[in-house]
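**Q** I would like to see how this sequence folds:
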Amino acid sequence: MEQFTNKTADIICQALSQRIRRGEFAAQGRLPGERQLSEQFATTRITLREALGQLEAQGLIYRELRRGWFIAPPRLVYNPLHRSHFHAMAQRQGRAANTEVIDAHVAAVSHELADKLAMSEGEEVFRIRRLRRIDGRAVLYVEHYLNPRYFPGLLELDLTQSLTDLYLTRYGIRYGRVRFTMLPGPVPPLAAPLLKVAAGSPALFITRINRDQHDRIIDCDCEYWRYDALCVDVEAQGVLGG
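**A** Sure, this is the predicted structure:
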């Protein structure tokens, strides 16, 4: 029975894949509801969801909690070796970017973040939490932790714009070295409804510890990307192979 279910899901996956590639659902930007699709293929919701899961894994569709399944746009290509801000990166790829500030205030730095920022636990930092969209779709929740001594008055500025640009135009600070780490992990509880995913859904967790032109650690970015929205693509020279 299980083998039959898997085979049926494969057939449905192939059929929907062909319809998506033909642009059948392009006008709506989304698939019909699961009940309607189950009726179309004369199958159970369990089998249908297996097929939809296959399409999601292939990057053809994505799901938004309580809204349904949508045709997936191209992933945003992200090269961590390029020191470019979010809006510029999206613009170069012909995409429209938008940033929403969730909150911005002074906070006490935790032990873990204090190490990253070369500060002492309990010292004050600026914490800025933002939601970032590509073509209207929420794809990134980010928490920025800034050392306040380098950015007096920053919390009073328009924080929907690029922090990279603010650093340079208001404070004469530009990025230097960066430490970049990337791990799979769950979407944090605060971010899940903002990204329209279930709590605990998989995310790509990227941490950046940034230094300025004087090699001072100035901030730490904690980014939670929808795993289906990003492609990390790096080209480097002089790397030893196996």
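**Q** what's next to the helix ranked longest in the chain, contact-wise?
**A** Secondary structure of the chain per DSSP state H: the longest helix is helix 2-21. With contact meaning CB atoms under 8 Å, 6 or more residues apart in numbering, helix 2-21 is reached by 25, 31, 37, 41, 43, 46-48, 50-52, 54-55, 58, 60-61, 71. Any C-beta I mention is one placed from the backbone N, CA and C, and that applies to glycine too.
**Q** What about the residues you listed, which are in helices?
**A** Those of the contacts of helix 2-21 lying in helices (DSSP H): 37, 41, 46-48, 50-52, 54-55.
**Q** Filter these down to the buried ones, PyMOL style.
**A** A single PyMOL command suffices to select whichever of these are buried according to 16 or more other CB atoms under 10 Å:
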select buried, resi 37+41+47+48+50+51+52+54+55
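**Q** Which one of the ones in helices among the contacts of helix 2-21 is nearest to Ala97?
**A** Using CB to CB, Leu55 is the member of the ones in helices among the contacts of helix 2-21 that lies nearest Ala97, at 26.2 Å.
**Q** Quick one, grab the pLDDT at the closest one.
**A** Per-residue confidence for Leu55 comes out at a pLDDT of 90.
**Q** so who does it touch?
**A** 13, 16-17, 20, 61.
**Q** centre of the chain versus the lowest-mean-pLDDT helix or strand in the chain, how much separation?
**A** Least confident helix or strand of the chain, by mean pLDDT, DSSP states H and E, is helix 2-21 with a mean of 82. Its chain's C-alpha centre and that of helix 2-21 lie 28 Å apart, by CA atoms, centre = their mean, to the nearest Å.
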